[in-house]
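# Kindly return the folded structure for what I paste below:
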Amino acid sequence: MSYDILVVGSGIAGMMAAIEAKELGSNVAIVMKKSPLANNSFMAKGGINAALNNMGDGDSIEQHIQDTLKGGMGIAEEEAVRIFCEHAPQVVRELHRKYKVPFTTLPDGRLAQRPFGGTKFKRTCFSADATGPAIMKTLNKVIQELNIPTIKNHFALNLIVNNGVIAGVSFLDEETNEVKVIKAKAVIMATGGYAGLYRGYTTNVTDATGDGIAMGLRAGLEGMDLEFIQFHPTGLAGTNYLISEAARAEGGRLINSDGNEFVDELNTRDFVTRAIVKQLQKGKQVYLDLTDIPEEVINTKLIHLKKRVKSLKKIDITKEPIPINPLAHYTMGGIKTDTYAFTDIEGLFYVGEAGNNGVNGANRLGGNSLSEGAVFGKIAGYEAVKYSHRVKNIPEIKNEDIQKDIELIEKLKNTKIDTKKIKHTLGDILYRKVGIIRNGYTLKKAIGIFEDLKKEMQTNNNEIENDSSLKEKLECINGIDLAIATAKSALQREESRGAHFRLDFPETDFAFQKHTFVKI
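Numbering: from 1, shown residues only. Okay, the predicted model is just below:
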């Protein structure tokens, strides 16, 4: 198979890139690990940011820029931030008017907006408390209407590069368990982030294992700011369910087991998360209290939350507080790109959580992720089309380019591995040693454990009764490589900044007002 443009990943960034390329007349296909709606964009419930000023509170694009730069704690790239904030209103209006995303509207038909953390303005557009599903279902319908080929259940293995130029991507076809190559003039990697590696302590879908980032690292690209992992303050205790910031935006209060408030609920996520951790360390339980919110508001704007908490915890959120704890939610780090998603490999683009153009810096503002994915996905689609028009022929793909993948798959077929055990060990060590609060000693210990896990992956254990699938084995390989790179990045940054907090270096240091880079 061969295409002008190949998009790998089916979240909002990938779908927007594919739609843009198709509407500009390119021959484009989108390949996904599972299905079109099995991604973190679908899981993002709270809303999507754009400075529309529909609530009359004086919001502006410049205010959005300054809030995002402030949230980035000195290392957000201003050019990327300005492009993002300037394009967000147009892209959100396009989602609503052109593609018919059913956003919640005001009586006059304009988009309703609610406050999110890190700003005093009501900037976040929403569809009740199910914004991600509303957007992704709509974009999936658009993909179908445009007849964009969607290739499901294909696990991306490696980037195929010839003399510094992209030629295609190798995949594991999960139906045949064989290696397949898809050629393309341009490739857009939109494979998502790696917070799913925090197995047991994450809001992410299980497929969010950073595969595309691991592929980029193996191809010689640099990982940028991998240490910045955002923990969402309000995960439903004992589950991986995310209680959206929308609940606090509508008036929810954070209280401890003594019934006392202890933090500004709408401060930045890193600040609120650490405040919760301090309460937990004191032996207090932490709750999100929505009992003062009018039931009419809950039944119109938080209805999905009400139903989900009732089903998971048998709690009526209108009558009793919800037990919460922070969970790994979003990764600011990714493969280094320029502002427009270009990488150091010609014809290869990275967008969304898989890439990093510096737009988030050390901490992402709530509500920025969906609009960031939409804006830069659309830009990547446009840039990829321009690039592909200049390319006459796809670079040659030699047999040896894919032989290593074939050999790896054959080896994994004959190697019994308990991936469930490895994934839970990986998640536990990441959470405890590369988590909300870190120090140099625990980071070094984590790297040693991850390297031992890597050796364990290479050892055939015939005593294992139930062998894991090839997909799960490949996820472990990628996850361990990425965990090592993340811990090494955190070890480099000898300060505390944004989502990265070092107990042994608790202050922000001007000497580290820069990006970290790591290779494998």
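# Over to Ile143. Which of the three states is it?
Three-state call for Ile143 (DSSP: H, G, I helix; E, B strand; the rest coil): helix.
# According to the record, where do the domains of the protein fall?
Domain assignment for the chain by automatic domain parsing gives 232-328, 399-518.
# mind checking how far the first one is from the chain centre?
Spelled out, that is domain 232-328. 22 Å (Cα atoms, centre = their mean, to the nearest Å).
# Now the terminal residues of that domain, how far apart.
Its first and final residues considered, domain 232-328 spans 6 Å by Cα to Cα, to the nearest Å.
# can you check the longest one too?
Length of domain 399-518, first residue to last, Cα to Cα: 30 Å.
# and the domains of the chain as a markdown table, adding mean neighbour count and distance to Ala354?
For glycine as for every other residue, the C-beta is placed from the backbone atoms N, C-alpha and C. Below are the domains of the chain laid out as a markdown table (neighbours: other Cβ atoms under 10 Å; distance: least, Cβ to Cβ, whole Å):
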| stretch | mean neighbour count | distance to Ala354 |
| --- | --- | --- |
| domain 232-328 | 18 | 16 |
| domain 399-518 | 18 | 11 |
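# Which one, of the ones you listed, ends up nearest to Val169?
Closest approach to Val169 among the domains of the chain is made by domain 399-518 (10.3 Å; Cβ to Cβ).
# related to what we said a few turns ago, may I see the domains of the chain arranged in JSON lines, with distance to Gly109 and mean pLDDT as well?
Below are the domains of the chain laid out as JSON lines (distance: least, Cβ to Cβ, whole Å; pLDDT from 0 to 100):
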{"stretch": "domain 232-328", "distance to Gly109": "18", "mean pLDDT": "94"}
{"stretch": "domain 399-518", "distance to Gly109": "38", "mean pLDDT": "94"}
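# Columns distance to Pro107 on top of the ones you listed, output as a markdown table?
Listed next are those as a markdown table, based on distance: least, Cβ to Cβ, whole Å:
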| stretch | distance to Pro107 |
| --- | --- |
| domain 232-328 | 14 |
| domain 399-518 | 39 |
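# which secondary structure elements does the helix or strand harbouring Leu426 contact?
Per DSSP states H and E, Leu426 falls inside helix 419-433. Here helix 419-433 touches helix 440-457, helix 470-492, going by 3 or more Cβ pairs under 8 Å, 6 or more residues apart in numbering; DSSP states H and E.
# So for Gly251, which of the ones you listed sits nearest?
It's helix 470-492; of the helices and strands packed on helix 419-433, that one is closest to Gly251 (Cβ to Cβ) at 35.7 Å.
# tell me the angle of that closest one relative to helix 419-433?
Helix 470-492 and helix 419-433 are oriented at 20 degrees to each other (axes from the mean of the first three to the mean of the last three Cα atoms, to 10 degrees).
# Following the chain past the longest strand along the chain, name the next helix or strand.
Counting by DSSP state E, the longest strand found in the chain is strand 178-189. Next in sequence after strand 178-189, counting helices and strands by DSSP H and E, comes helix 211-218.
# quick one: terminal-to-terminal distance for stretch 186-197?
End-to-end distance (Cα to Cα), stretch 186-197: 29 Å.
# rewinding a little: direction included, what does the longest strand of the chain pair up with?
When pairing is defined by DSSP bridges, strand 178-189 lines up against strand 2-8 (parallel), strand 165-173 (antiparallel), strand 348-350 (parallel).
# Now the longest one: buried residues?
Spelled out, it's strand 165-173. Residues of strand 165-173 classed as buried by neighbour count (16 or more other Cβ atoms under 10 Å): 166-172.
# again with the first one
Neighbour counts over strand 2-8 (16+ other Cβ under 10 Å) mark 3-8 as buried.
# any idea how far that strand is from the chain center?
Distance of strand 2-8 from its chain centroid, counting by Cα atoms, centre = their mean, is 22 Å.
# ok, so of the buried residues of strand 165-173, who is nearest Ile394?
Using Cβ to Cβ, the buried residues of strand 165-173 come closest to Ile394 at Ala167, 5.7 Å.
# separation between the closest one and Ala219?
Distance check for Ala167 against Ala219: by Cβ to Cβ, to the nearest Å, it reads 12 Å.
# Give me the common contacts of the two.
Residues touching both Ala167 and Ala219 (Cβ atoms under 8 Å, 6 or more residues apart in numbering): Val161.
# Same list, the buried residues of strand 165-173, but as JSON lines with pLDDT and distance to Thr202 please.
Below are the buried residues of strand 165-173 laid out as JSON lines (pLDDT from 0 to 100; distance: Cβ to Cβ, whole Å):
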{"residue": "Ile166", "pLDDT": "98", "distance to Thr202": "31"}
{"residue": "Ala167", "pLDDT": "98", "distance to Thr202": "34"}
{"residue": "Gly168", "pLDDT": "98", "distance to Thr202": "31"}
{"residue": "Val169", "pLDDT": "98", "distance to Thr202": "26"}
{"residue": "Ser170", "pLDDT": "98", "distance to Thr202": "28"}
{"residue": "Phe171", "pLDDT": "98", "distance to Thr202": "25"}
{"residue": "Leu172", "pLDDT": "98", "distance to Thr202": "24"}
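# which residues of the stretch 1-150 of the chain fall in strands?
Counting by DSSP state E, counting those that start in this stretch, the stretch 1-150 of the chain has strands at residues 2-8, 28-31, 48-49, 113-115, 122-125, 150-151.
# With distance to Glu79 added, can I get the ones you listed in JSON lines?
Shown next, in JSON lines, are the strands of the stretch 1-150 of the chain (distance: least, Cβ to Cβ, whole Å):
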{"stretch": "strand 2-8", "distance to Glu79": "24"}
{"stretch": "strand 28-31", "distance to Glu79": "27"}
{"stretch": "strand 48-49", "distance to Glu79": "18"}
{"stretch": "strand 113-115", "distance to Glu79": "26"}
{"stretch": "strand 122-125", "distance to Glu79": "21"}
{"stretch": "strand 150-151", "distance to Glu79": "33"}
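# Lowest mean pLDDT across those strands, which one is that?
Among the strands of the stretch 1-150 of the chain, strand 113-115 carries the lowest mean pLDDT, a mean of 94.
# Partner strands of it and their direction?
strand 122-125 (antiparallel).
# Pull out the buried positions in the strand it pairs with.
Quick answer for strand 122-125 (16+ other Cβ under 10 Å): 122-125.
# need the contact list for the residue nearest to Ala483 when sequence neighbours are not counted.
Closest residue in space to Ala483, ignoring its immediate chain neighbours: Phe450 at 4.9 Å, by Cβ to Cβ, 6 or more residues apart in numbering. The contact partners of Phe450, by Cβ under 8 Å, 6+ apart, come to 426, 429, 480, 483-484, 487.
# Among the residues you listed, which one sits closest to Thr331?
Closest approach between the contacts of Phe450 and Thr331, by Cβ to Cβ: Ala483, at 12.0 Å.
# ok, which stretches of the stretch 201-350 of the chain are helices?
In the stretch 201-350 of the chain, the helices defined using DSSP state H, counting those that start in this stretch lie at 211-218, 246-249, 269-281, 295-301, 303-313.
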